[in-house]
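Chemist: Next come a sequence and a model predicted from it.
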Amino acid sequence: MEEKGFLAKITQLNIEDGATKWSSPSNIALVKYWGKREQQIPENASISFTLNNCKTITNLTYTKKENKTDFNFDVFLDGEKKDDFKPKIETFFNRVSKYLSFLKDFHFKIETENTFPHSSGIASSASGMSAIAACLMSIDKQLNPEMSEDFILKKTSFLARLGSGSACRSLEGDLVVWGKHEIIKGSSNLYGVNFPFETHKNFKNYQDTILLVDKGEKQVSSTIGHNLMHNHPFAQQRFIQANENLEKITTILQNGNLDQFIALVESEALTLHAMMMTSMPYFILMKPNTLEIINKIWAFRKATNSKVCFTLDAGANVHVLYPESEKVSVLQFIKNELVAYCQNGHYICDSIGKGLEQL
């Protein structure tokens with residue numbers, strides 16, 4: 001589907017007020033996207049596990065207003081008004097206004113809460129923007145009831161992408177691909193699509209325990225990091241590598257080879273951070289405890305022949321990935337050896353999830 005297919009249709013506004021509530025999870029990329037073009041178009045395709053417990057819950061209340069020249073909204077996080085979030089929402093509204101005809105017709109009250117620490121490298125922008133997009137599409141559906149469920153899902157993902165690129169991968173489960181790739185039928189740079197192949201039983205209900213090494217704000221935002229891929233000396237080779245890795249992991253997810261999965265996923269995580277360390281200006285988001293955890297995982301895997309591995313997002317926290325069959329032993333390992341490297345001993349037990357949920 002092309003972008004013009006999502007343009008707003010002229011409709012009769014016959015709604016005075018209302019409310020809608022959605023939860024949307026975060027996701028963790030296995031093959032990373034780092035670098036984008038105008039309008040949140042990725043430089044390479046990516047694939048992610050949809051999470052289950054790490055999610056954003058957003059309640060959107062809307063009331064018809066007289067002045068229709070500007071956007072009008074308030075944002076609350078965990079019950080506290082957050083005016084510093086408004087510029088990001090305003091940018092999002094500006095980007096999506098030609099696809100949603102009603103944005104200037106209402107005053108919006110956006111009440112949101114996360115089940116995990118904000119700005120801690122667990123992609124809160126992905127869950128947050130996808131939840132807002134789902135709420136807005138609930139209104140659009142009232143105005144355009146003839147829209148099919150498949151179209152609504154694609155448009156929600158399309159809108160979410162314009163708020164935060166990886167948000168388009170949070171709508172469905174359990175594996176979502178974003179970015180045009182010849183091996184993934186129906187894939188698009190405009191929205192995410194479900195992984196179209198049957199995954200091996202080894203990856204069913206895969207586990208992700210997130211070790212919170214640093215719960216504070218990142219020193220360099222993802223937006224700035226993506227922009228530093230422009231004129232990066234290794235950018236073009238990285239985009240080629242990522243697309244090749246997506247083809248490789250497509251095979252791995254079907255044949256269940258956990259050793260190949262480990263090698264590819266860990267390499268992708270370290271390559272992501274290598275791009276940060278070799279940009280200009282360069283920066284490091286990993287912390288000393290991030291490296292301590294990685295080395296502990298490697299030692300444990302060598303000693304026990306476990307299939308545990310790690311991945312990293314754009315932050316210091318470590319996602320510990322492992323099959324459900326190893327849940328007891330890996331959690332014991334985490335408690336015995338890794339919790340000491342977490343801020344205040346905090347970690348989150350999660351697993352593969354199903355995506356959006358209307359509440």
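Modeler: Great, that's in hand.
Chemist: list the buried ones in stretch 334-341?
Modeler: Residues 334, 338, 341 are the ones in stretch 334-341 that count as buried (16 or more other Cβ atoms under 10 Å). To be clear about C-beta, it is placed using only N, CA and C from the backbone, and glycine gets the same treatment.
Chemist: The first one reaches residue 320, doesn't it?
Modeler: Yes. Residue 334 lies in contact with residue 320 (Cβ atoms under 8 Å); the separation is 6.6 Å.
Chemist: ok, which stretches of this structure are strands?
Modeler: Under the criterion DSSP state E, strands of the chain are mapped to 17-31, 36-37, 41-42, 46-64, 72-77, 80-81, 106-114, 175-178, 192-194, 207-211, 309-312, 318-322, 347-351, 357-358.
Chemist: how about the ones you listed, which one is nearest residue 228?
Modeler: Smallest distance to residue 228 across those (Cβ to Cβ): 11.4 Å, for strand 36-37.
Chemist: Adjacent strands (with direction) for the closest one?
Modeler: Here strand 36-37 is paired, per DSSP bridges, with strand 41-42 (antiparallel).
Chemist: one step back: tabulate the buried residues of stretch 334-341 (TSV), appending distance to residue 133.
Modeler: TSV is the format used below for the buried residues of stretch 334-341 (distance: Cβ to Cβ, whole Å):
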residue	distance to residue 133
334	34
338	35
341	35
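Chemist: With adjacent residues omitted, what lies nearest to residue 272?
Modeler: Spatial nearest neighbour of residue 272, chain neighbours left out: residue 32 (4.5 Å); criterion: Cβ to Cβ, 6 or more residues apart in numbering.
Chemist: neighbours of residue 305, just the number please.
Modeler: Neighbour count for residue 305, taken as other Cβ atoms under 10 Å: 7.
Chemist: let me redo that: residue 3
Modeler: Residue 3: 13 surrounding residues under other Cβ under 10 Å.
Chemist: circling back: what touches both of residue 334 and residue 320?
Modeler: 209, 211 (Cβ atoms under 8 Å, 6 or more residues apart in numbering).
Chemist: Nearest to residue 241, out of the strands of the chain?
Modeler: Closest to residue 241 of the strands of the chain is strand 17-31 (Cβ to Cβ; 9.4 Å).
Chemist: What distance do you get for the residue located most distally from the centre of the chain to residue 136?
Modeler: Within the chain, the residue lying farthest from the chain centre (Cα atoms, centre = their mean) is residue 66, at 36.0 Å. Separation of residue 66 from residue 136 (Cβ to Cβ, to the nearest Å) stands at 21 Å.
Chemist: Might one say that residue 286 is in contact with residue 317?
Modeler: No. Residue 286 lies out of contact with residue 317 (Cβ under 8 Å); the separation is 9.7 Å.
Chemist: out of these two, which sits in the more crowded spot?
Modeler: A count of neighbours by other Cβ under 10 Å puts residue 317 above the other of residue 286 and residue 317, at 29 against 21.
Chemist: List phi and psi for the more buried one.
Modeler: Main-chain dihedrals, residue 317, degrees, to the nearest 10: phi -70, psi 150.
Chemist: ditto for residue 228
Modeler: For residue 228, the backbone dihedrals are phi -70, psi -10 (criterion: degrees, to the nearest 10).
Chemist: how close does it sit to residue 349?
Modeler: Taking Cβ to Cβ, one finds residue 228 at 33 Å from residue 349.
Chemist: Between those two, which is the more surrounded one?
Modeler: Between residue 228 and residue 349, counted using other Cβ under 10 Å, the more crowded position is residue 228 (20 against 14).
Chemist: Setting aside sequence neighbours, what's the nearest residue to that one?
Modeler: residue 279 (3.9 Å).
Chemist: ok, residue 318 - contacts?
Modeler: Going by Cβ under 8 Å, 6+ apart, residue 318 touches 210-211, 213, 290, 293-294, 310-312.
Chemist: rerun at 7 Å
Modeler: By Cβ atoms under 7 Å, 6 or more residues apart in numbering, the contact list for residue 318 reads 211, 213, 290, 293, 310, 312.
Chemist: beta partners of it?
Modeler: Beta-bridge partners of residue 318, as defined by DSSP bridges: residue 211, residue 312.
Chemist: Please verify my assumption that residue 116 contacts residue 52.
Modeler: No. Applying Cβ atoms under 7 Å as the test, residue 116 and residue 52 come out as separate, 11.7 Å apart.
Chemist: Can you give me the distance of residue 9 to residue 188?
Modeler: As judged by Cβ to Cβ, residue 9 and residue 188 stand 21 Å apart.
Chemist: Looking at these two, which has the bigger crowd around it?
Modeler: residue 188 (22 against 11).
Chemist: For the more buried one, give me its contacts.
Modeler: residue 180.
Chemist: same deal with residue 205?
Modeler: By Cβ under 7 Å, 6+ apart, the contact set of residue 205 is 324, 351-352.
Chemist: what's the pLDDT at the closest residue to it other than its chain neighbours?
Modeler: With Cβ to Cβ, 6+ apart as the criterion, residue 205 has its nearest non-adjacent residue at 4.6 Å, and that residue is residue 324. At residue 324 the predicted local confidence, pLDDT, stands at 97.
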